[in-house]
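K.L.:
return atomic coordinates for the entry below.
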Amino acid sequence: MRLSNLADYAVVAMRAAAGHCGSQMWSAAQLADQTGLPAPTVQKLVSRLSAAGLLRSTRGANGGIRLARPAAAINLADIIEAVEGPIAMTQCSDGPSGCTIEHSCGARPHWPQVNRAIRGALENITLADLAKEDVAA
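P.N.:
Residues are numbered from 1 along each chain as shown. Okay, the predicted model is just below:
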């Protein structure tokens, strides 16, 4: 399994936001400069992350973006799902997939358990954890 570039960039942007705009407003342009991400990509991410309730965006001269809640209350699953939708390892996990063996598949009933395990692991990693500078490898 591999995250899309956009989901990866969302994690990068949220990590930077946690370090800089937890309590103060920051512009999307500043976030783009800080992360090295293209400004249009950051704008798209700000839109999706705001819609998911992870960022708060305010327009105007005194506007900008900031975290919608503390970094410790945002987890990796929240960020990934804001960009990619529900975490599902297989297409059939989310409902009818059009798979040719769907009717006789013995693995299909087990995918929800796998999805819950993966989501649970991602829920255990908070944005505050990701924002720490000293990480043991």
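
K.L.:
now the helices for the protein?
P.N.:
5-20, 28-35, 39-51, 76-84, 111-123, 127-131 (DSSP state H).

K.L.:
contacts only, for residue 41.
P.N.:
6, 9, 32 (Cβ atoms under 8 Å, 6 or more residues apart in numbering). All C-beta spots, glycine's among them, are computed from the backbone N, C-alpha and C.

K.L.:
any idea which of these is closest to residue 132?
P.N.:
residue 9 (19.8 Å; Cβ to Cβ).

K.L.:
my guess is the closest one contacts residue 43, does it?
P.N.:
No: using Cβ atoms under 8 Å, residue 9 makes no contact with residue 43, being 11.7 Å away.

K.L.:
mind checking which of these two has more residues around it?
P.N.:
residue 9 (20 against 14; other Cβ atoms under 10 Å).

K.L.:
quick revisit: switch the contacts of residue 41 over to JSON lines; also include pLDDT and distance to residue 79.
P.N.:
Output for the contacts of residue 41, formatted as JSON lines (pLDDT from 0 to 100; distance: Cβ to Cβ, whole Å):
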{"residue": "6", "pLDDT": "96", "distance to residue 79": "11"}
{"residue": "9", "pLDDT": "97", "distance to residue 79": "10"}
{"residue": "32", "pLDDT": "95", "distance to residue 79": "17"}
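
K.L.:
residue contacts, residue 27?
P.N.:
Applying Cβ under 8 Å, 6+ apart, the residues near residue 27 are 64-65.

K.L.:
from residue 43, how far out is it?
P.N.:
Distance, residue 27 to residue 43, by Cβ to Cβ, to the nearest Å: 11 Å.

K.L.:
the residue sitting nearest the centre point of the chain: what's it in contact with?
P.N.:
For the chain, the residue sitting closest to the mean C-alpha position, by Cα atoms, centre = their mean, is residue 79 at 1.7 Å. By Cβ under 8 Å, 6+ apart, the contact list for residue 79 reads 7, 10-11, 14, 49, 54, 127.

K.L.:
please repeat the previous calculation with a cut-off of 7 Å.
P.N.:
Residues near residue 79 by Cβ atoms under 7 Å, 6 or more residues apart in numbering: 10-11, 14, 54.

K.L.:
just residue 14 next, same as before
P.N.:
Residue 14 touches 49, 54, 79, 127, counting by Cβ under 7 Å, 6+ apart.
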